[in-house]
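Engineer: Sequence and predicted structure are below.
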Amino acid sequence: MSLSQAQKKAFRSIGHHLNPVVTVSENGVSENLLAELSRALNDHELIKVKLAIPERDDRVAMINELIADSNAELVQTIGKMALFYRRNPKVNPKLSNITRFENHHGRH
């Protein structure tokens with residue numbers, strides 16, 4: 001499933017106000033990191049990931065690896081931050097960033 005431009009725009013608006021819930025270091029992808037990423041995507045659907053990796057090419061490779069391992073979609077990258085989305089049909093509405101912020105769209 002590919003996100004439409006309108007969906008990406010809405011998700012970017014929501015993602016702007018999120019704090020990173022997963023941090024990836026130069027140590028790379030571990031089982032624990034993938035488990036935490038999967039848990040965060042299941043709970044929140046839309047999450048921000050911080051990539052504490054200095055080289056841009058290494059960050060791009062890491063993002064591609066995380067997408068492949070988690071079946072998530074990349075919504076946006078800015079610097080060392082990436083916004084990931086994975087739909088969860090059985091999500092808890094109190095935890096889902098999509099449900100909680102769907103009417104905000106950047107307005108306070």
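Structural biologist: Perfect, I can see it now.
Engineer: Not counting residues beside it along the chain, what's closest to Asp43?
Structural biologist: Leu95 (4.6 Å; Cβ to Cβ, 6 or more residues apart in numbering). To be clear about C-beta, it is placed using only N, CA and C from the backbone, and glycine gets the same treatment.
Engineer: give me the element the one you found is part of.
Structural biologist: According to DSSP states H and E, Leu95 maps onto no helix or strand at all.
Engineer: ok, it touching His44?
Structural biologist: Yes: contact status for Leu95 versus His44: in contact at 5.9 Å, counting by Cβ atoms under 8 Å.
Engineer: quick check: mean pLDDT across stretch 47-67?
Structural biologist: What stretch 47-67 shows for mean pLDDT is 95.
Engineer: now stretch 5-12
Structural biologist: Computed over stretch 5-12, the average pLDDT equals 94.
Engineer: measure the nearest residue to Phe101 once chain neighbours are set aside to Glu102 for me?
Structural biologist: Among residues not flanking Phe101 along the chain, Ile14 sits closest, at 4.4 Å (Cβ to Cβ, 6+ apart). Using Cβ to Cβ, to the nearest Å, Ile14 is found at 8 Å from Glu102.
Engineer: quick one, which of those two is more surrounded?
Structural biologist: The neighbour count for Ile14 versus Glu102, taken as other Cβ atoms under 10 Å, is higher for Ile14 (21 against 11).
Engineer: There's contact between that one and Asn97 in this structure, I believe.
Structural biologist: Yes: because the distance of 5.9 Å satisfies Cβ under 8 Å, Ile14 is recorded as touching Asn97.
Engineer: any residues in contact with both of these two?
Structural biologist: Residues touching both Ile14 and Asn97 (Cβ atoms under 8 Å, 6 or more residues apart in numbering): Leu46.
Engineer: which residues in the protein form helices?
Structural biologist: Using DSSP state H, the helices of the chain run over 5-15, 31-44, 56-70, 97-101.
Engineer: TSV for those, including distance to Arg86?
Structural biologist: Listed next are those as TSV, based on distance: least, Cβ to Cβ, whole Å:
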stretch	distance to Arg86
helix 5-15	11
helix 31-44	4
helix 56-70	7
helix 97-101	11
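Engineer: Nearest to Pro89, out of these?
Structural biologist: helix 31-44 (10.7 Å; Cβ to Cβ).
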